[in-house]
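# coordinates only, no sequence provided:
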């Protein structure tokens, strides 16, 4: 009995302690006001909770965060989804317990329907000077829908974008290019030949089996490394699972297209020839990154942000030649790689302010401040004198920051530099400040300067400045009239949502099975998948998506 | 008059014969006595009732009141409105559910893996407990027991990663099999849908055997040692003693545990399947809870999710009643 009592007392003590501690931390957070601030926005210390669907575990106490608090009085309490689940927003709605600010990505539609977020139109009109200046005539793209043309969110993507880097295309190890005497690789056939040749030459790397092409198809990244590259190879711009005619707004579920079948048939062949990593669809993300970091994977089809850790690890290990070069690979010469496609300011996703927040005005002022020049320089460059210096009137990153930015996966998290750019309102990498200098440290010159020595050597061999020289230029591809369908808020509980979910689940399984199956049976497997898609009424989803796209174009005035 | 009767009853030595006729007489005017008896009983058991009260309240709050939420299954529930300020749709969600081929696949997988887990989980735990029970070296016994139930405390996230790594193409299992020459090519364990149920079952057995064995061990500890002594005198070997004494003695425990777990057959959770599964085996890994999560809550379809929940509860109750009837028939310990 005595023991039980003491445990009870202990837990009570613990509880009281926890309460006191949280109470204290609330009080003590940032008491020093910045001096030179004008009266228009209050800088009383306040703690705002912020949930980001793409958030990671982090406290708001790095140097950049401290500067933000100094300027605005705002301390953020960052919340993030646990285990990458997508039930957080629905659960939030069910409980009615919202953080002050929410970045819900595609789930924003649910929040709007549930009345969990407020309209920002009036606030923008009244006090959103920075946001108005930022979005200008693109403000319409923030609007929700034809039926409800209010603005609920701000932020996420840069408004003025330049395309100096590609992502998500096929990538090949630099060493492969060097060993094979810098061949031209434009089609899947070239790509396959290069890998085959190199693999025959080096069946083992550092004592482990060489892997020709490795994908990550065991979780949601199936869409990133298997589904999306298929569309890219067929020259279809990235609209998630959709192929959209930019003129008419007509949408088709991507995997119904015959071009995609060609691509998967090629993957099936790769698997049959032993060029595809047999664990592509079973290994976990950690294993995948470990494989890439070991340098024995010759090629990938992935986004840069997905493999950033592996890239940094390779450079840190001195294995620059095992890092990857993006390739403008398509099914054949008649297809154009869309690597440099400009989707325009996509709108759609962004940060919303919750209806239950006690600090709605402050939250809005904070978001507006984030769109200011001062804030943009701070979040992109860090603290003057600590992360960058002004040399000849120009901002220059300090040497150790430059170095760490390329090699240290925790750089952004520890210093805060670059950490608060996405998903907040951002100017974009093509924007310049009032002095005509780039607002981000990632100008084309900076990107080129940041290439590792192997990349520089390969580029020199190909007589190129930047990898983008390989790709059809942005101007040639045109600006998308409908943005990117992946950013559309699909009405919750609609047929479109349910059918798409079912279709996604189905193609992930069926295509995976078809790729790993016998090539002789590929056609049958594909046909039966198409049949199953038709059985679940995919036509209806196509129609609804077309309507959604056309509405969006009407809302934006781009039809 | 009533008072005198109770006094008579209270006497331990009161003759039974005189009691009976008085009792029969009382039955003709029943209202007072049973009521008073009830309050008297309450008074007598005051301490016990007080002790159980918190749990009854807990049960009502957490197990009975939430059942009211079942009305959601008959609405198009939107959380921003109140529970009764909703659009009523009768059996729409149940019709959707029963028209959905995916649901039947999920049901099949759930029952399949549930039954496999139940059969192999129970058998392995009993065998393990029997073996441990026979150990005479106390320290070794305790050590083995501790080691064996440790995996129970490992979360499935870690457990699944261990399993996936061990079964990968260059994992321990494949290396071992190739090393001793049983196979020439590594087996893609995680890439074969037909193996998935088996892998889940084996992983489950690995994780839970030690833990499940504890309750059987406790039951075995209660077996009268005289029985063993008598058996030894009769010349029974250790195997014979296990078969004829230990197992029959713990039979009621086994049956009760079986009934309880059969009731939970459909509630096998989804962690294992979600964490071990991948796109190749997805068809075999889809279980009802995962389906409810992805197509219910995850898509904002609370009503649909609730319909699935109701269906599960109904199946559970049916299963329990059937098993309990069965146990009653064979005359063994039953749950109610």
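That came in fine, so what should we check first? Remember, predicted model here, so these are calculated numbers, not experimental data.
# what about the strands in the stretch 1-150 of chain A?
Taking DSSP state E, counting those that start in this stretch as the test, the strands found in the stretch 1-150 of chain A are A:46-52, A:74-79, A:101-103.
# give the contact list for the closest residue to chain A within the stretch 101-250 of chain B.
Minimum separation of the stretch 101-250 of chain B from chain A (C-beta to the nearest C-beta) falls at residue B:190, amounting to 4.0 Å. To be clear about C-beta, it is placed using only N, CA and C from the backbone, and glycine gets the same treatment. Under the criterion of C-beta atoms under 8 Å, 6 or more residues apart in numbering or on different chains, the neighbours of residue B:190 are A:282, B:164, B:167-168, B:199, B:276, B:278, B:280-281.
# so it, which state does it fall into?
helix (DSSP: H, G, I helix; E, B strand; the rest coil).
# cool, residue A:396 as well?
From three-state DSSP, the assignment for residue A:396 is strand.
# who does it form a beta bridge with?
Bridge pairing for residue A:396 (DSSP bridges) gives the partners residue A:389.
# what about it, neighbour count?
Residues lying near residue A:396 (other C-beta atoms under 10 Å in any protein chain shown) number 15.
# from residue A:165, how far out is it?
Distance from residue A:396 to residue A:165, counting by C-beta to C-beta, to the nearest Å: 20 Å.
# same deal with residue A:114?
Taken as C-beta to C-beta, the span from residue A:114 to residue A:165 is 38 Å.
# next: residue A:281.
Residue A:281 is 28 Å from residue A:165, by C-beta to C-beta.
# of those two, who's got more company?
Shown here are residue A:281 and residue A:165; by other C-beta under 10 Å, residue A:281 has more neighbours (28 against 16).
# apart from its chain neighbours, what residue comes closest to that one?
Sequence neighbours aside, residue A:217 is the residue nearest to residue A:281 in space, at 4.0 Å (criterion: C-beta to C-beta, 6 or more residues apart in numbering or on different chains).
# that neighbour: neighbour count?
Residue A:217 has 25 neighbours, counted by other C-beta under 10 Å.
# element containing residue A:539?
helix A:538-556 (DSSP states H and E).
# check which residues of that helix are buried.
Residues A:538, A:541-542, A:544-546, A:548-553, A:555-556 are the ones in helix A:538-556 that count as buried (16 or more other C-beta atoms under 10 Å in any protein chain shown).
# any chance of those in TSV, with pLDDT and distance to chain B too?
Formatted as TSV, those follow (pLDDT from 0 to 100; distance: C-beta to the nearest C-beta, whole Å):
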residue	pLDDT	distance to chain B
A:538	94	15
A:541	94	14
A:542	95	19
A:544	93	15
A:545	94	16
A:546	95	21
A:548	90	17
A:549	91	21
A:550	92	24
A:551	89	21
A:552	87	21
A:553	89	26
A:555	86	23
A:556	84	26
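# just want the most central residue of chain A.
Nearest to the mean C-alpha position of chain A, by C-alpha atoms, centre = their mean, lies residue A:305 at 6.9 Å.
# my read is that that one contacts residue A:165, right?
No. Using C-beta atoms under 8 Å, residue A:305 is not in contact with residue A:165; the gap is 11.1 Å.
# need the per-residue pLDDT for residue 26.
Since you didn't name a chain, this refers to chain A. Note on residue A:26: pLDDT of 42.
# wrong one, chain B
With respect to pLDDT, residue B:26 has a value of 46.
# likewise residue A:298?
Residue A:298 is given a pLDDT of 95.
# tell me the contacts of it?
The contact partners of residue A:298, taken as C-beta under 8 Å, 6+ apart, are A:172-173, A:176, A:195, A:198-199, A:210-213.
# chain B next: which of the residues you listed are close?
Among the contacts of residue A:298, none lies close to chain B by the criterion of C-beta under 8 Å from any C-beta of the partner chain.
# just to revisit the earlier point, okay, the strands of the stretch 1-150 of chain A in a markdown table with mean pLDDT next?
Formatted as a markdown table, the strands of the stretch 1-150 of chain A follow (pLDDT from 0 to 100):
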| stretch | mean pLDDT |
| --- | --- |
| strand A:46-52 | 93 |
| strand A:74-79 | 92 |
| strand A:101-103 | 94 |
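# want to try CSV for the ones you listed, with mean neighbour count and distance to residue B:223 as columns?
Shown next, in CSV, are the strands of the stretch 1-150 of chain A (neighbours: other C-beta atoms under 10 Å in any protein chain shown; distance: least, C-beta to C-beta, whole Å):
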stretch, mean neighbour count, distance to residue B:223
strand A:46-52, 20, 56
strand A:74-79, 20, 54
strand A:101-103, 26, 60
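# how about these in CSV, adding distance to residue A:421?
Compiled in CSV, the strands of the stretch 1-150 of chain A are given as follows (distance: least, C-beta to C-beta, whole Å):
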stretch, distance to residue A:421
strand A:46-52, 12
strand A:74-79, 14
strand A:101-103, 13
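# please produce JSON lines containing the ones you listed, extended by distance to chain B.
Formatted as JSON lines, the strands of the stretch 1-150 of chain A follow (distance: least, C-beta to the nearest C-beta, whole Å):
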{"stretch": "strand A:46-52", "distance to chain B": "17"}
{"stretch": "strand A:74-79", "distance to chain B": "19"}
{"stretch": "strand A:101-103", "distance to chain B": "15"}
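# may I have the phi/psi pair for the closest residue to residue B:253 other than its chain neighbours?
Distances taken as C-beta to C-beta, 6+ apart place residue B:219 nearest to residue B:253, at 4.3 Å, with adjacent residues excluded. Backbone torsions for residue B:219, taken as degrees, to the nearest 10, come to phi -60, psi -40.
# if I look at residue B:219, how far off is residue B:292?
Going from residue B:219 to residue B:292 by C-beta to C-beta gives 35 Å.
# neighbour-wise, which of these two wins?
residue B:292 (24 against 19).
# need the pLDDT of the more buried one.
90.
# hmm, back to that, and the residue nearest to the centre of chain A, that's in a strand?
No. Counting by three-state DSSP, residue A:305 is not part of a strand but helix.
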